[in-house]
Each structure stands twice: as structure tokens, then as C-alpha cells.
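> what shape does this take:
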Amino acid sequence: MNDRIVTVFGGTGFLGRYVVRQLCKRGFCVRIASRHPDQAHRLFALDERKLRSVAANIHNERSLADALAGALGAVNAVSLYAQRGQETFHSVHVEAAERVAAQARRAGVERFVHVSGIGSDAASPSLYIRKRGEGELAVRAAFADAILIRPAVMFGLDDAFLTTILKLLGRLPIYPMFGHGLTRLQPAYVEDVAEAIARVLQGETHAITYECGGPCIYSYKGLLRLVAREAGLKPMLIPIPFAAWRALAWFAEMLPSPLVTVNQVELMQVDNVTSLAMPGLGELGISTHCVEEILRQMLRHH
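Residues are numbered from 1 along each chain as shown. Model prediction:
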């Protein structure tokens with residue numbers, strides 16, 4: 001066994017790309033496991049000695065076993081935000097998560113990290129949040145020492161959060177808010193979350209849940225005002241009831257690339273902040289980055 005191999009499922013995704021780079025910086029040999037391995041060739045300068053792309057399907061045990069063979073560690077960073085046909089929250093966040101964890105245990109993987117989300121709760125009335133919670137339970141049942149990483153909403157270059165807000169603020173003089181904009185958010189910089197994952201894989205931590213949030217808590221309305229101010233915009237913020245958003249999202253999900261999904265609406269009704277009772281980025285020695293700092297970089301980049 002090569003004691004420096006880590007297999008990353010979802011390594012071509014938003015968080016996964018940063019995880020791969022953080023692991024490479026620490027001298028790990030990384031396998032980027034995905035259904036479309038050619039994507040990795042476009043995203044990374046692949047060096048077969050340190051960084052390889054392998055075909056893997058989280059719904060197929062044989063391909064998972066092949067991707068995990070001989071690995072010291074594994075990361076499941078696969079996520080789904082809108083259900084499509086057989087790709088459901090249950091099939092991805094519960095069944096596939098359990099399958100990856102079980103195959104990792106069978107392969108003799110020593111350290112397994114499962115990426116979930118803040119607020120995950122198997123008793124939640126929200127389907128998305130409930131399946132995230134059920135997924136955590138299934139992973140721990142299959143791999144008792146699994147480390148759970150629960151990020152808050154993440155931001156960074158080419159994200160789907162701040163980038164979308166910036167685009168909409170720039171195009172809409174009247175900006176429709178989720179509810180009255182009172183939901184509290186603690187956005188986490190994606191690089192900080194990726195560093196957390198790399199650090200737990202490098203250390204001896206087992207069976208701990210980390211909640212990863214940024215250094216500041218904002219109301220949704222306050223965050224919109226902050227982003228608008230930094231971008232030099234003065235939109236009018238208008239509250240829209242959540243019931244109206246749910247109806248809009250239901251229709252939007254029929255489109256190939258919906259601007260809003262039902263689960264996003266549900267998530268915006270619940271505070272997305274870390275619990276003081278849970279260890280987080282600070283316990284891992286990570287200096288977190290605030291939205292303002294990275295937002296200025298994003299504005300320069302765009």
C-alpha cells in the first residue's frame with residue numbers, strides 16, 4: 001500500500017478541486033475519481049506520479065473498489081443540489097455515501113472524510129436536509145471512524161453563491177430577497193474548508209464532526225448590502241414570501257439549469273451558522289477568511 005494515496009470522489013467539483021490542490025501541496029498522491037475523468041485533464045496539470053484521474057461511478061461498487069485500492073485515505077465530496085431522474089437526494093447523499101464508505105472500509109482505507117453540510121438532520125421536514133442527515137448516519141454505520149465535515153455555504157472564485165449574487169445585483173435594479181432577509185449566514189471560504197479536510201487526513205483525528213464556518217455572521221439582507229456596496233451598486237431590496245419562492249423554484253427545476261431550486265429555498269429558511277458546541281476551523285488551526293477579503297479578489301478577477 002502506498003501510504004500517501006488519497007482518493008477524492010467529486011474531485012472535479014467546486015470544493016473537490018480545492019481539496020485536490022491542498023492534498024498535493026502536502027505531498028499526497030491524489031486520485032481524482034469521477035464519472036468524467038477527462039474533466040480532470042482540463043482542470044489540472046496531471047502528473048501520473050502525484051495526480052491521476054480515474055473513472056468511478058458512486059453507484060457502482062466495482063468501480064469504487066478499483067478507485068480505492070491501496071489508498072490510505074478517501075474523501076467523499078460528491079453533492080447534489082437538484083434532483084434529476086434517478087439522481088435523487090436519497091440515491092446520492094444516502095445510498096451512494098454509504099456505498100463509498102463501505103467500500104473504503106473494505107479496501108483498508110485508514111482515514112475517510114465525508115462532506116455533509118451545516119444543519120444536516122435526519123428528522124428535518126426538508127427533504128434535502130433530512131437526506132444529508134440520513135447520509136451522515138449511514139456513513140458512520142459503514143465506516144465507524146469516518147470524519148464528518150459540515151461546511152456552511154461556501155464562497156470563492158467561480159462559486160455558485162457570491163458569483164450568482166453579484167451577477168443578479170448587477171442586472172436587477174430591484175432585487176427580490178428570500179423572505180425579509182433575516183436568515184443568518186456564516187459563509188466559509190472554500191479554500192479554508194479544503195485545508196480543513198487536508199489537515200484531518202494528515203493527522204490522527206477519527207470519528208469527529210467539524211462544522212466549518214467563516215469568521216463573520218451576516219443576515220441575508222446584510223450580506224446583500226455588503227456585496228452591493230463592494231461592487232458599487234445600489235439595488236432596491238424587496239422581500240418576497242418564501243411560499244412564492246417555492247412555487248417559482250418548482251417551475252424553475254423543470255429547466256436544464258434552474259436559477260433557483262426548491263432545496264435552496266428551504267435552506268434559506270434556516271440559519272446556516274456553526275454550533276458553539278462543535279469543533280470547527282479554529283480547532284484545526286486555520287485562520288479563516290472573511291467575505292469582504294475574497295469578494296474584492298473576485299471583483300478584480302471578473
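> where do the strands sit along the stretch 101-250 of the chain?
111-115, 147-151, 154-155, 174-178, 184-185, 188-189, 209-212, 218-219, 236-240 (DSSP state E, counting those that start in this stretch).
> adding mean neighbour count and mean pLDDT, write those strands out as JSON lines.
(C-beta placed from N, C-alpha, C; glycine too.) Output for these, formatted as JSON lines (neighbours: other C-beta atoms under 10 Å; pLDDT from 0 to 100):
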{"stretch": "strand 111-115", "mean neighbour count": "26", "mean pLDDT": "97"}
{"stretch": "strand 147-151", "mean neighbour count": "24", "mean pLDDT": "98"}
{"stretch": "strand 154-155", "mean neighbour count": "24", "mean pLDDT": "96"}
{"stretch": "strand 174-178", "mean neighbour count": "16", "mean pLDDT": "96"}
{"stretch": "strand 184-185", "mean neighbour count": "19", "mean pLDDT": "98"}
{"stretch": "strand 188-189", "mean neighbour count": "27", "mean pLDDT": "98"}
{"stretch": "strand 209-212", "mean neighbour count": "24", "mean pLDDT": "97"}
{"stretch": "strand 218-219", "mean neighbour count": "18", "mean pLDDT": "98"}
{"stretch": "strand 236-240", "mean neighbour count": "13", "mean pLDDT": "97"}
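> poorly predicted segments of the stretch 1-150 of the chain, please.
Along the stretch 1-150 of the chain, segments meeting pLDDT under 70 span 1-3, 41, 45-49.
> need the phi and psi values for Val94.
The phi/psi pair for Val94 (degrees, to the nearest 10) reads phi -110, psi -70.
> ugh, typo on my part, it should be Arg300
Torsion angles at Arg300 (phi, psi; degrees, to the nearest 10) stand at phi -70, psi -40.
> and it, what's its pLDDT?
pLDDT recorded at Arg300 is 84.
> and for stretch 227-242, what's in contact with it?
Outside stretch 227-242, the residues within contact range by C-beta atoms under 8 Å, 6 or more residues apart in numbering are 162, 165-166, 169-170, 172-181, 221, 224-225, 265, 268-269, 291-292, 295-296, 299.
> looking at those residues, which are in helices?
162, 165-166, 169-170, 221, 224-225, 265, 291-292, 295-296, 299 (DSSP state H).
> quick check: the farthest pair among those residues?
Val265 and Arg296 (29.3 Å; C-beta to C-beta).
> more neighbours: those two, which one.
Val265 (22 against 12; other C-beta atoms under 10 Å).
> related to what we said a few turns ago, tell me which of the strands of the stretch 101-250 of the chain lies nearest to Leu23.
Closest to Leu23 of the strands of the stretch 101-250 of the chain, according to C-beta to C-beta: strand 111-115, at 10.7 Å.
> check contacts around Ile129.
Per C-beta under 8 Å, 6+ apart, neighbours of Ile129: 117, 119-121, 266-267, 270.
> quick one, which of those are buried?
117, 119-120, 266-267 (16 or more other C-beta atoms under 10 Å).
> if we can go back for a sec, which of the ones in helices among the contacts of stretch 227-242 are buried?
Among the ones in helices among the contacts of stretch 227-242, those scoring as buried are 162, 165-166, 169, 221, 224-225, 265, 291, 295 (criterion: 16+ other C-beta under 10 Å).
> any idea which of these is closest to Val19?
Leu162 (19.5 Å).
> am I right that the closest one is in contact with Arg296?
No - Leu162 is beyond contact range of Arg296, at 11.3 Å (criterion: C-beta atoms under 8 Å).
> got a list of what the closest residue to Ala152 other than its chain neighbours touches?
Distances taken as C-beta to C-beta, 6 or more residues apart in numbering put Gly213 closest to Ala152, at 4.2 Å, once the chain neighbours are dropped. Gly213 makes contacts with 118, 151-152, 186-188, 273-274, 280-281, 288, as judged by C-beta under 8 Å, 6+ apart.
> do you know how far Gly213 is from Val78?
Plainly put, Gly213 is 22 Å away from Val78 if you go by C-beta to C-beta, to the nearest Å.
> which parts of the protein are helices?
Under DSSP H, the chain gives helices at 14-25, 38-43, 61-68, 89-90, 97-106, 127-142, 162-171, 190-202, 220-230, 242-252, 262-267, 291-301.
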